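need a 3D model of the following:
(4 chains, ligands or ions: 4)
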Amino acid sequence: MSGALHLGGPDPGAPAGKGQTTYVDAIREGIREEMARDERVFLIGEDIGVYGGAFKVTDGLIQEFGEERVIDTPIAETAIVGAAVGAAMMGMRPVAEMQFIDFISCAFDMITNFAAKSRYRTGVGVPLVIRGPSGGGVHGGPFHSQNPEAYFAHTPGLKIVQPATAYDAKGLIKAAIRDDDPVLFFEHKFLYRRIKEELPSEDYIVPIGKATVRRPGRDLSIITYGAMVWTALEAARTLEAEGIDAEIVDLRTLFPMDEETVLESVAKTNKAILLHEATRTGGIGAEIAAVLSERCFEYLDGPLLRVTAPDTPVPYSPPLEEFFLPNSEKVCRAARALAAY
Amino acid sequence: MSGALHLGGPDPGAPAGKGQTTYVDAIREGIREEMARDERVFLIGEDIGVYGGAFKVTDGLIQEFGEERVIDTPIAETAIVGAAVGAAMMGMRPVAEMQFIDFISCAFDMITNFAAKSRYRTGVGVPLVIRGPSGGGVHGGPFHSQNPEAYFAHTPGLKIVQPATAYDAKGLIKAAIRDDDPVLFFEHKFLYRRIKEELPSEDYIVPIGKATVRRPGRDLSIITYGAMVWTALEAARTLEAEGIDAEIVDLRTLFPMDEETVLESVAKTNKAILLHEATRTGGIGAEIAAVLSERCFEYLDGPLLRVTAPDTPVPYSPPLEEFFLPNSEKVCRAARALAAY
Amino acid sequence: MADLTREQKLELYRYMRLNRVVEERLVNLYRQGKVVGGLYRSLGQEATSVGTAYALQKGDIVGPLIRNLGAVLVMGYSPRDVMTQYMARATSPSGGKDCNLHFGKPERGVISPISMLGALIPVMAGIALAGRMQKKDLVTMTWIGDGGTSTGAFHEGLNFAAVQRLPLVVVAENNGWAYSTPFKKQTASATLVVKAAAYGIPGEQVDGNDVFAVYDVARRAVDRARAGGGPTFIESLTYRMKGHAEHDGQSYVPKEELEEWRRKDPIERCASTLIASSAATAEELASIDQAVAEDVDREVEAAEKSPMPSPEEALRNVYAPVAEVEPAIVPRRS
Amino acid sequence: MADLTREQKLELYRYMRLNRVVEERLVNLYRQGKVVGGLYRSLGQEATSVGTAYALQKGDIVGPLIRNLGAVLVMGYSPRDVMTQYMARATSPSGGKDCNLHFGKPERGVISPISMLGALIPVMAGIALAGRMQKKDLVTMTWIGDGGTSTGAFHEGLNFAAVQRLPLVVVAENNGWAYSTPFKKQTASATLVVKAAAYGIPGEQVDGNDVFAVYDVARRAVDRARAGGGPTFIESLTYRMKGHAEHDGQSYVPKEELEEWRRKDPIERCASTLIASSAATAEELASIDQAVAEDVDREVEAAEKSPMPSPEEALRNVYAPVAEVEPAIVPRRS
Ligand SMILES: Cc1ncc(C[n+]2csc(CCOP(=O)(O)OP(=O)(O)O)c2C)c(N)n1
Ligand SMILES: Cc1ncc(C[n+]2csc(CCOP(=O)(O)OP(=O)(O)O)c2C)c(N)n1
Ligand SMILES: [Mg+2]
Ligand SMILES: [Mg+2]
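Ligands and ions are numbered 1, 2, ... in the order given. Presented below is the predicted three-dimensional model:
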């Protein structure tokens, strides 16, 4: 994955300038503010208290809000999510951490059958947030690098978000906590300390269900989300030099998807690359392709190209993982082919 | 879902003629033959022994093969699949039953992380079959009607099959048992006793990874699988009377998908409907749309239309479930629009 | 049963009778093809559902399984609610979205189960946790079968509840069978109650067909929970007198076993205890039966009249209306 | 330790020393940035891994966790295998596909764990089940942390193994901590060994820093399993002398506790026992240390020379080569 990350504004490569907030701090800030403004909000997970979480996302919160609102649990993802579901039914606003998002597999039943279906079956809403570090690029191997978002985007009743910037990380976690339905908040561990930006001092949220255009362009659209937004931006700079003007759409919310923003972009550029770090088959890219070929067919002047990880587990060794992960070069190759189409 | 089911050959609506085998009996026959020819094959699950399984799929097998090879377990899907994974690593050929496929959610971690990734990580293959009744149409409610196949089609290392006919049910279960990798075998409970056909007396398998054309047609392709194949055929008969000639592709294997057969069909008809009973977003239809808009773009003369269940849990009450499920009328509506396009 | 008044004892009797009569009517409706899907009986287990739930007070919350009809009635849902559920009507508590006893709301004191066994235990722990955070005087109770104790969710949920000392009472209904699976194939432990030790919580075993004994044990556990003593695990020894569901002829069950347990019928036992202790006369009990039968008949009639949901309802209530999401939005700076 | 020869006792000592020295070298490589990803220590726990695995015989199969380096060495994997794993080399047992101790093959007597704690227990039960079906003389052993006992997979797997009376020995390593979580936040039970009762199997508790005591307990359990007596659950009382991984300074651990346990170092204890019982002289042990150090240095050198995998390997081995699928195909009749 790309080392230097640029998203306009101050160069995030530079040492944290005064007032600069990293992605990980932005998430913590968002949680802190929501805990301060709403006593119904509490945290539950493994090693999130005294230790502050494996990635320090919840660092300091137990000191500020106490053990009652920052609950260290046994190693039991089904209990963590299940207890959060019960508390949410009672009107609380639990935020459950998966130490690594890979372990969400151990709570799959609780999430997809209990949390997701409760409102529909019984009218009892479950205002729950489940968050955790996803993604590769840090040589974590097959069980500390996964991107499981697509599993959950096939589950009606859930909402799926994945922020690409510190601004969105804070705005989306706050929106997720205020949301009346279960929201899965996928953080990208590669971004935690690699990006930062200045954040507004006033209270704000980034609405769930709204995508944004990260870079306007004429020639083709790159529809993506999460850390791959940075990969797309890096590719766009390379392509620009070659005279290819790429528009970049950051979905931010994967489900329910902001189809209008996607359609608008592709209706303008008439070509699209679907980019994600998750493996290819059955990924979010497939859903975007379906939406475009269903609702935007007349506007398409070229095939929809997916740039994704191949259909394998995430390998551990650096040369293997680099080969596995999408990168700006792979995006550029697809973009050149598409532009020439 | 359609009551009368026709797939050429003898009318399955008619009383079981001599030599006619139902879908459920075909699965049992396939398992029986494999257990007889290969002592490594054994069954494990809840109430599959003396009781013969909730749907009697394994009826009589404990009498024939004994308790050692037909193992009744505690209520513990993770233990069932986990034990099967371990036995498979030792060269056995376990066939694990989920009493209802909905309960596969309780073994999600074991399937997607242990079974699916073992060969890649350690070179140890896991020749395991997990089977169970999926699908709606019998008013089973949100937890006895699901179609979870797409969750697993996003998991490299797994193979996903779903038979539509008694012939395929027997041929695919036999192929699944002989396969050296984990195969998820999704049965449709609505078909168990509603369809039957004469089966060859000789040993045969239906190869995993091969789709088939159920009905040749010129005007558009309906890409589908499982019970929806019958819905598509019913629709095709109606459409035929209206002068619309629909081709029907039965995927049979959902992952890895037989892209060639799909592409061949759509390259000929230039239009496609993607039909499945599972909910819309992130379903198998999305993946087919991605494949077509990526590899078959030049041949498309119309949008790719998905006919699926809407994005909700499966409701229980008959009027709700009928409204929820795809049916031939919904397929016809889409086909007319597409034909006129 | 020291602390039970005569009225309360008769009420226990009445609830058990109500439980049974509602099911008998459901069987009729089932035979008439009016029940949509399967029908699950609790015949012979009424004392457990009724006796345990009766130990709770207003404001407490239960998480019943599909055989805990008695508990749902004690918590105040009506026979009509249950009938309309089984007939998939629009007026049922789930509006036809889900089946049988899959319904409930915290404010009604009942949390709906999902079918996946064990899943209710962590969720009920969460209900109890919220109650504590909200400074509510709230005790939670849930049930689990002998089969359900084998699930990972049971283990994770009860262990978490114990660590947190949550006010949760878990009643394990050992009725000898899990569908067709006998106890000895479910666990190698001689009893279920021994499993309490694994969680460092008190365990009690009780004759599940003696409603007064069940009440006493449950009451102790509920009082302990209310006093901050944490969870209790109760094993109630009873028997499943019918098949797993109506379609199941339970051919796998030894006839003698059924015979033996038929003699332990909890309602008859309750009746004779009441009469022997002259808490009630046979006539009084007969008139209770009479009244229950009439009530239920009225409820059946009403339930049968209630409408099916309209198809479009299938699309409603997957998510909260957007309005409910808090507004405060600052647009992203460009 | 009655049945141990002098050579065997020295071998136990040697394996513990090997375990520790391999980790010490890994720490150097880690500091030099040659270890890819995290490094997990078993400092202070060597007696448990080594003493338990040593009770097995050829043909038995273990499922180690990432702190069970000692067990992996006893089962015959080389220090080089471990070094190349940690350095993500092509020549490592997993070929660079997976990290640290995530490797193994049934024919090598080791099953690779996945990261999800508890998952190995049902899988090892399945290994034991297959062994029985295949009429093999096969005992299986796996380890679980105090934290791992809270998982649903642990519960489901051990309960199943107990019902089936499978030859599975489960060693619970109670080292006081699960990452930063102390025992008392993990379970409300006073010990882990009490959890055996829930499964109706024998439970034994042992001083996990006394390699001979560990061996004795493990040996009893292994013999019982081999004789058809089913699973045993062993709680080994030990302590995690380092953080969860090298990056973790374990600031949350009370210094006194560390001090106390440092005095219980399993290798030093083994040494003094051997010398006190004049099974060995200090010189003999010193020369063993010497030999181990030299071996490991050679292994490090060799490991450092071994190549990284070639990128395209990332795409290989997701599925079996199609050839392996049995042919016999009759084409579908039209
Ligand atoms: C996780 C899970 N697996 C399988 C089932 C299917 N199932 C429904 S009820 C049942 C038997 C339950 O037995 P027990 O827990 O003893 O309760 P009882 O029926 O005796 O009241 C089974 C296996 C389920 N509901 N949940
Ligand atoms: C199911 C699951 N959840 C969370 C984790 C993350 N995790 C890795 S090790 C660990 C602590 C393990 O503690 P313990 O079981 O006591 O083993 P120890 O590290 O003490 O050897 C945790 C929480 C995991 N590996 N698996
Ligand atoms: Mg039972
Ligand atoms: Mg530990």
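
quick one: the strands in the stretch 201-341 of chain A?
A:212-215, A:220-224, A:246-250, A:253-255, A:272-279, A:305-309 (DSSP state E, counting those that start in this stretch).

quick check: which element contains residue A:78?
Here residue A:78, judged by DSSP states H and E, is contained in helix A:77-89.

what separates that helix from the chain centre, distance-wise?
The chain centroid and the centroid of helix A:77-89 are separated by 22 Å, computed with CA atoms, centre = their mean, to the nearest Å.

of all residues in chain A, which one is closest to ligand 3?
Per CB to the ion, the residue of chain A with the smallest distance to ligand 3 is residue A:109, at 20.4 Å. Backbone N, C-alpha and C define where each C-beta goes, glycine included.

next one: the stretch 1-150 of chain C
Ranking the residues of the stretch 1-150 of chain C by distance to ligand 3 (CB to the ion) places residue C:145 first, at 3.7 Å.

once you drop chain neighbours, what's closest to that residue?
Among residues not flanking residue C:145 along the chain, residue C:173 sits closest, at 5.6 Å (CB to CB, 6 or more residues apart in numbering or on different chains).

how about that neighbour, secondary structure?
When states are read from DSSP: H, G, I helix; E, B strand; the rest coil, the local structure at residue C:173 comes out as strand.

roughly how far does the residue in the stretch 151-300 of chain C that ligand 2 sits nearest to sit from residue B:106?
When scored by CB to the nearest ligand atom, the stretch 151-300 of chain C has residue C:156 as its residue closest to ligand 2, at 10.1 Å. Noted for residue C:156: a distance of 12 Å to residue B:106, by CB to CB, to the nearest Å.

more neighbours: which of those two?
Neighbours of residue C:156 and residue B:106, each counted by other CB atoms under 10 Å in any protein chain shown, are more numerous for residue C:156; the result is 35 against 30.

so residue C:26 makes contact with residue C:84?
No: between residue C:26 and residue C:84 there is no contact, the gap being 11.4 Å when judged by CB atoms under 8 Å.

give me the below-cutoff pLDDT ranges for the chain.
Just so you know, I chose chain A. The model of chain A has pLDDT under 70 over residues A:1-18.

sorry, I should have been clearer: chain C.
Scanning chain C with the threshold set as pLDDT under 70 gives C:1-2, C:323-334.

so after the lengthiest helix in it, what's the next helix or strand?
Scanning chain C for the longest helix, with DSSP state H as the assignment, gives helix C:6-31. Following the chain from helix C:6-31 toward its C-terminal end, the next helix or strand by DSSP H and E is helix C:46-53.

with only the CA atoms kept, save that next one in PDB.
Listed in PDB are the C-alpha atoms of helix C:46-53, where the atom choice follows Å, rounded to 0.1, in the frame of the first residue of the first chain:
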ATOM      1  CA  GLU C  46     -45.900 -25.800  32.700                       C
ATOM      2  CA  ALA C  47     -44.700 -25.700  36.300                       C
ATOM      3  CA  THR C  48     -41.200 -24.600  35.300                       C
ATOM      4  CA  SER C  49     -42.300 -21.700  33.100                       C
ATOM      5  CA  VAL C  50     -45.000 -20.500  35.400                       C
ATOM      6  CA  GLY C  51     -43.300 -21.100  38.700                       C
ATOM      7  CA  THR C  52     -40.000 -19.400  37.700                       C
ATOM      8  CA  ALA C  53     -41.600 -16.300  36.100                       C
END
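
residues from the stretch 51-200 of chain C in reach of ligand 3?
Proximity of the stretch 51-200 of chain C to ligand 3 is confined to C:145-146, C:175, C:178 under the rule CB under 5 Å from the ion.

as a markdown table, those with distance to ligand 1 and neighbour count would be great.
Below are those laid out as a markdown table (distance: CB to the nearest ligand atom, whole Å; neighbours: other CB atoms under 10 Å in any protein chain shown):
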| residue | distance to ligand 1 | neighbour count |
| --- | --- | --- |
| C:145 | 2 | 25 |
| C:146 | 4 | 24 |
| C:175 | 5 | 23 |
| C:178 | 3 | 24 |
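
counting only strands, which of those residues make the cut?
Secondary structure defined by DSSP state E assigns C:145, C:178 of these to strands.

spatially nearest residue to residue A:281 (excluding sequence neighbours)?
If the residues on either side of it in the chain are set aside, residue A:281 comes closest to residue A:311, at 5.3 Å by CB to CB, 6+ apart.

the one you found contacts residue A:280, correct?
Yes: look at residue A:311 against residue A:280 with CB under 8 Å: they come within range, at 5.5 Å.
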